[in-house]
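Peer 1: Following is a predicted model, sequence given first.
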Amino acid sequence: MQGNAQDLKIAELWRSAAGFGGPVFAAIILASLIFCFALFALRADKIFALPGAISQASAEDLVAFWRASSMALSGEAAAAYDRLVFQAPLAAPNDNLIWWNPPHAFLMIWPLALLPYGAAKLLWLGASIAALAWIVRLAQPTPFKLVAILLSPAAFASLLVLQTGPFFALGLLTAFLMADRRPLLSGLLLAVLTVKPQYGLMAPIFLAAIGAWRAFGAAVIFTLALSFMSAMIFGVEVWRQFFAVPVADYAAAGLHRDMVSISHSLQKAGLSQSVALTMHVGVATAAAGLVWVAARRAPRDAAIGLALLASALAAPVIWIYDWPLVAAGIFMLTRSASPMPISIQIIMGLAWLGPLYSLGFGTMASSLAAPALLALLAAGAGWRIVSSSP
């Protein structure tokens, strides 16, 4: 009897998993769970280490956030945009980090340096895991989906370097879900997300398409308010420094293996910067068109899923650690009870694995797979959503 009961539980778990987009996609997810569990175990000493100071930290971007917070608390926020000043106390392997975020980002991260670095890292890890879990709660909570995202390639890539991917994925998903019912909350979230504005290019398209003008207006007002607050608290000079320094610093940074925007990927493939940027604009425009039509005609869940994928695809700068945005989009696409076509399931599963191509093979060529699969998924899912809508 006990064996039968266990068999029933396993069968029920598989039915739950197979309902997550379809059996082929579920099989890919199950395989990735095992692999990512091994990756987390292999890198646990890095991910979960709690160094006492930034000089003892491994390569992790939280060092930049903690350093910027420290400078803001000491009244040196404007100097954070000076590469040499910002990097002065940083030790290898973090001595190449710089601060690119707009000044109102200081409002979000300033409390970090009130804590020792190890405590701040523990807080960041806990908040990241909670954000990933909350994405599942919003997208359709099931135990399988919870395990799937916590042991996903997207989670591994983000936690490995302690970046903001889980927070931005959760924020954009919540803003889109709440645009009609709670426009002020939606607008506030979108305003906060302008600390990395590259991920919000589809937000005005989506909000305009569904007629969420109050959320749209609230986003504009709250963004202006946050910008004004940052100038009042940290000084007007902080905005002057922001506009004077980061573009040159960014241009000097060159291409990176884990930079996976369409324009950067095309440059890594050998195209000139001008041609790559032109093609990126074309892809972003096509993605915006799909989002507009889907938001006007398709079920809301599917339209939100497509908007999240398109946000990642259109971003002029996106890194592999931002892949939680793609995972959230896939979750919304799979909320329907009916399975996806086999071809979409395969593409979706391969796109889910996106960070592993860069991190696993470690070459510029391997990093081209993730954006190519994201573009293919957005195009295929978008066409299916738009063509099947009345």
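Peer 2: That came through fine. Residues are numbered from 1 along each chain as shown.
Peer 1: where in the stretch 151-300 of the chain is pLDDT low?
Peer 2: The stretch 151-300 of the chain contains residues with pLDDT under 70 at 246-254.
Peer 1: switch the cut-off to 80
Peer 2: Low-confidence segments of the stretch 151-300 of the chain (pLDDT under 80): 245-254.
Peer 1: Can you show me the helices along it?
Peer 2: Using DSSP state H, counting those that start in this stretch, the helices of the stretch 151-300 of the chain run over 153-161, 165-178, 183-193, 203-210, 213-234, 237-244, 246-253, 262-268, 273-297, 300-314.
Peer 1: quick one, which of these is packed in tightest?
Peer 2: The highest average neighbour count among the helices of the stretch 151-300 of the chain, using mean count of other CB atoms under 10 Å, belongs to helix 300-314 at a mean of 27. Every residue, glycine included, has its C-beta placed from N, CA and C.
Peer 1: after it comes which helix or strand?
Peer 2: Using DSSP states H and E, the helix or strand that directly follows helix 300-314 along the chain is helix 324-333.
Peer 1: Taking helix 153-161 as reference, get the angle to that following helix.
Peer 2: Between helix 324-333 and helix 153-161, the angle comes out at 160 degrees (axes from the mean of the first three to the mean of the last three CA atoms, to 10 degrees).
Peer 1: What lies in contact with the very next helix or strand once past helix 324-333?
Peer 2: For helix 324-333, the following helix or strand on the C-terminal side (DSSP H and E) is helix 342-352. Contacts to helix 342-352, defined as CB atoms under 8 Å, 6 or more residues apart in numbering, come from residues 21-25, 27-29, 32, 152-154, 326-327, 330, 333-334, 339-340, 370, 373-374, 376-377, 380-381, 384.
Peer 1: mind running it again at 7 Å?
Peer 2: The contact list for helix 342-352 (CB atoms under 7 Å, 6 or more residues apart in numbering) reads 21-22, 24-25, 28-29, 32, 152-153, 326-327, 330, 340, 373-374, 376-377, 380-381, 384.
Peer 1: Narrow these to just the buried residues.
Peer 2: Those of these that meet the buried threshold are 21-22, 24-25, 28-29, 32, 152-153, 326-327, 330, 340, 373-374, 376-377, 380-381, 384, by 16 or more other CB atoms under 10 Å.
Peer 1: circling back: is it possible to get JSON lines of the helices of the stretch 151-300 of the chain that adds distance to Ala113?
Peer 2: Converted to JSON lines, those look like this (distance: least, CB to CB, whole Å):
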{"stretch": "helix 153-161", "distance to Ala113": "19"}
{"stretch": "helix 165-178", "distance to Ala113": "18"}
{"stretch": "helix 183-193", "distance to Ala113": "20"}
{"stretch": "helix 203-210", "distance to Ala113": "30"}
{"stretch": "helix 213-234", "distance to Ala113": "14"}
{"stretch": "helix 237-244", "distance to Ala113": "17"}
{"stretch": "helix 246-253", "distance to Ala113": "21"}
{"stretch": "helix 262-268", "distance to Ala113": "31"}
{"stretch": "helix 273-297", "distance to Ala113": "36"}
{"stretch": "helix 300-314", "distance to Ala113": "30"}
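Peer 1: For Asn96, find the nearest of those helices.
Peer 2: Closest to Asn96 of those, according to CB to CB: helix 246-253, at 8.9 Å.
Peer 1: what mean pLDDT would you report for stretch 105-121?
Peer 2: Across stretch 105-121, pLDDT averages out at 95.
Peer 1: so how far is the first residue of it from its last?
Peer 2: 18 Å (CA to CA, to the nearest Å).
Peer 1: now do stretch 83-94
Peer 2: So stretch 83-94: terminal residues 13 Å apart, CA to CA.
Peer 1: same question, stretch 260-276
Peer 2: End to end - CA to CA - stretch 260-276 spans 13 Å.
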